[in-house]
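> Quick check, what structure comes out for this input:
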Amino acid sequence: MNQSVKMSTAFEDLSSTIPSVDLTDRHATALVVVDVQYSDAAPDRGWVKACEAVEPGSMRYYLERLEQTTLPAIRQLLDAFRAAGMPVVHISTGSAYRDMRDCPPRFRDWTHRLERAAGIEDMWWTGNPDYAFRKEVAPLEGETVIRKTTQGAFNGSEIQNVLDRAGIRNLVFAGVVTSCCVETTARDAADRGFGCMLVSDACADCIPAMHDAAMMNFGRYFGQVAQSAEEVVRAIGVEGKT
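The predicted model follows:
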């Protein structure tokens, strides 16, 4: 393991048995930014708006972390990977149909229940302007964009084929929500043989306990956990913008 990337302090000895991610292998290591869209990563829009309508105040911590910690950390990672000429993959959640017929029944039913309770429509429809990536961390021309119809990307997209054809073996994950789409995608990647790393400050969840539990569990069983984007940037060997 590159010693400039610190593991999570919980289960530190056990975590040391997890295979390392070689961040200096630049052509085979990609940054994966999960679901940083207006539909689920912006105030008064999409999923956040729906959750607040049903349970006021439930998204306050999430939004504060997004703006103060997570978005700046993701931008720092993007700047570093781009400067190093390393691959960047952006993942979005979206259905091509307003009735979400291309999504699994469980995900579809949960979405429709939440929409009815909140009084909103088309939360994940690709025709909704909220489907767009947040401009602060949006893809650049030539960067890979993958749309998924499930919470885990490997279950509802062509990500496996895309990564295999590009020769990608290591994945560094950032995005939202930590314990849902980010963790599910990262766990599935680890089970498929990719070297995986979660970057803690570049992810956000609804409450600290959910985020911390996801990081702790991932670091014990599935891959590495870096506490900050800055540690990853140092390991890559470039200076990201701040």
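> alpha carbons only for contacts and neighbour counts from here, please
OK.
> Could you report the pLDDT at Ile18?
Here the pLDDT value assigned to Ile18 is 77.
> what about Asn161, how many neighbours?
Burial of Asn161 is recorded as 11 neighbouring residues (other CA atoms under 10 Å).
> and for the host helix or strand of it, what are the contacting residues?
For Asn161, the host element (DSSP states H and E) is helix 159-166. With contacts defined as CA atoms under 8 Å, 6 or more residues apart in numbering, helix 159-166 is touched by Ile146, Ala153, Phe154, Arg169.
> tell me the mean pLDDT for it?
Across helix 159-166, the average pLDDT comes to 98.
> buried residues in that helix?
Within helix 159-166, the residues scored as buried using 16 or more other CA atoms under 10 Å are Ile159, Leu163.
> Show me the shaky parts of this protein.
Under the criterion pLDDT under 70, the flagged ranges of the chain are 1-15, 239-242.
> thinking again about what came up before, out of the contacts of helix 159-166, give me the two with the largest separation.
Ile146 and Arg169 (17.2 Å; CA to CA).
> Compare neighbour counts for those two and give me the winner.
Shown here are Ile146 and Arg169; by other CA under 10 Å, Arg169 has more neighbours (19 against 16).
> JSON lines please, covering the contacts of helix 159-166 and showing secondary structure and distance to Thr93.
Conversion of the contacts of helix 159-166 to JSON lines gives the following (DSSP: H, G, I helix; E, B strand; the rest coil; distance: CA to CA, whole Å):
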{"residue": "Ile146", "secondary structure": "strand", "distance to Thr93": "9"}
{"residue": "Ala153", "secondary structure": "helix", "distance to Thr93": "9"}
{"residue": "Phe154", "secondary structure": "helix", "distance to Thr93": "12"}
{"residue": "Arg169", "secondary structure": "coil", "distance to Thr93": "23"}
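> after the longest strand anywhere in the chain, next one along is what?
If you go by DSSP state E, the chain has its longest strand at strand 195-204. Next helix or strand after strand 195-204 toward the C-terminus (DSSP H and E): helix 208-221.
> relative orientation of that next one and strand 195-204 in degrees?
170 degrees (axes from the mean of the first three to the mean of the last three CA atoms, to 10 degrees).
> For helix 208-221, buried residues please.
Of all the residues in helix 208-221, those buried under the rule 16+ other CA under 10 Å are His211, Asp212, Ala214, Met215, Met216, Asn217, Phe218, Gly219, Arg220.
> Please apply the same query to stretch 112-120.
His112, Leu114, Glu115, Ala118, Ile120.
> Pull the distance from it to the chain's centre.
Mean-position distance between stretch 112-120 and its chain equals 24 Å (CA atoms, centre = their mean, to the nearest Å).
> same check, this time on stretch 134-146
Centroid displacement of stretch 134-146 relative to its chain, using CA atoms, centre = their mean, is 13 Å.
> Next, count neighbours for the closest residue to Asp122 other than its chain neighbours.
Excluding the flanking residues, the one nearest Asp122 by CA to CA, 6 or more residues apart in numbering is Arg98, at 6.0 Å. Around Arg98 there are 16 other residues, counting by other CA under 10 Å.
> can you give me the strands for the protein?
Listed in chain order (using DSSP E), the strands of the chain are 29-34, 88-93, 144-148, 170-176, 195-204, 224-226.
> All set, thanks.
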